[in-house]
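Novice: Sharing a model prediction with you, sequence too.
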Amino acid sequence: MSRQDLKNTLAYIHSEINRIETMAGTLSMTEREHYRKLSNFDDRAIMDIAAEEQNAARQLGTMKEMCLAMAQKIEEIETAVEQETFSGGSDRA
């Protein structure tokens, strides 16, 4: 794989992780809002659904944080590859 291929692959992965992070964040907010609305009802079945929504919101929030951490690591790798390219590193990865 050439250095340019590596850079392109990292850019693609970074972009997709950012998309996943955005989706997880949006879904997490939606689930939290559902929990808030459902928890106002005095029905056991609805309260159970509300609890499931709350759990889903937490899991999606965790996914969002994982994506942010992965995106940061990819940025670090991209920077390292770019610095190596400018410092005269080989075109072969």
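Specialist: Cool, got the structure.
Novice: Name all residues that make contact with H34.
Specialist: Contacts for H34 (Cβ atoms under 8 Å, 6 or more residues apart in numbering) come out as 50, 53. Placement of C-beta: from N, CA and C, glycine included.
Novice: so how far is A80 from it?
Specialist: 42 Å (Cβ to Cβ, to the nearest Å).
Novice: burial count for E21?
Specialist: By other Cβ atoms under 10 Å, the residues close to E21 number 19.
Novice: List the contacts of it.
Specialist: Counted by Cβ under 8 Å, 6+ apart, E21 has contacts 63-64, 67-68, 71.
Novice: same deal with K7?
Specialist: By Cβ under 8 Å, 6+ apart, the contact set of K7 is 78, 81-82, 85.
Novice: tell me which of those residues is nearest to H14?
Specialist: E78 (7.0 Å; Cβ to Cβ).
Novice: What average pLDDT does the lengthiest helix in the chain get?
Specialist: Counting residues, the longest helix found in the chain (DSSP state H) is helix 44-86. In this model, helix 44-86 has a mean pLDDT of 94.
Novice: Stretch 13-27 now?
Specialist: 97.
Novice: Alpha carbons of it, as PDB, please.
Specialist: Taking Å, rounded to 0.1, in the frame of the first residue of the first chain, the C-alpha atoms of stretch 13-27 are listed here in PDB:
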ATOM      1  CA  ILE A  13     -12.200   5.900   8.100                       C
ATOM      2  CA  HIS A  14     -12.000   9.200   9.900                       C
ATOM      3  CA  SER A  15     -15.000  10.500   7.900                       C
ATOM      4  CA  GLU A  16     -17.100   7.400   8.500                       C
ATOM      5  CA  ILE A  17     -16.300   7.400  12.300                       C
ATOM      6  CA  ASN A  18     -17.400  11.100  12.400                       C
ATOM      7  CA  ARG A  19     -20.700  10.100  10.700                       C
ATOM      8  CA  ILE A  20     -21.300   7.300  13.100                       C
ATOM      9  CA  GLU A  21     -20.500   9.600  16.000                       C
ATOM     10  CA  THR A  22     -23.100  12.100  14.700                       C
ATOM     11  CA  MET A  23     -25.700   9.500  14.300                       C
ATOM     12  CA  ALA A  24     -25.100   8.000  17.700                       C
ATOM     13  CA  GLY A  25     -25.300  11.500  19.300                       C
ATOM     14  CA  THR A  26     -28.600  12.300  17.500                       C
ATOM     15  CA  LEU A  27     -30.100   8.900  18.400                       C
END
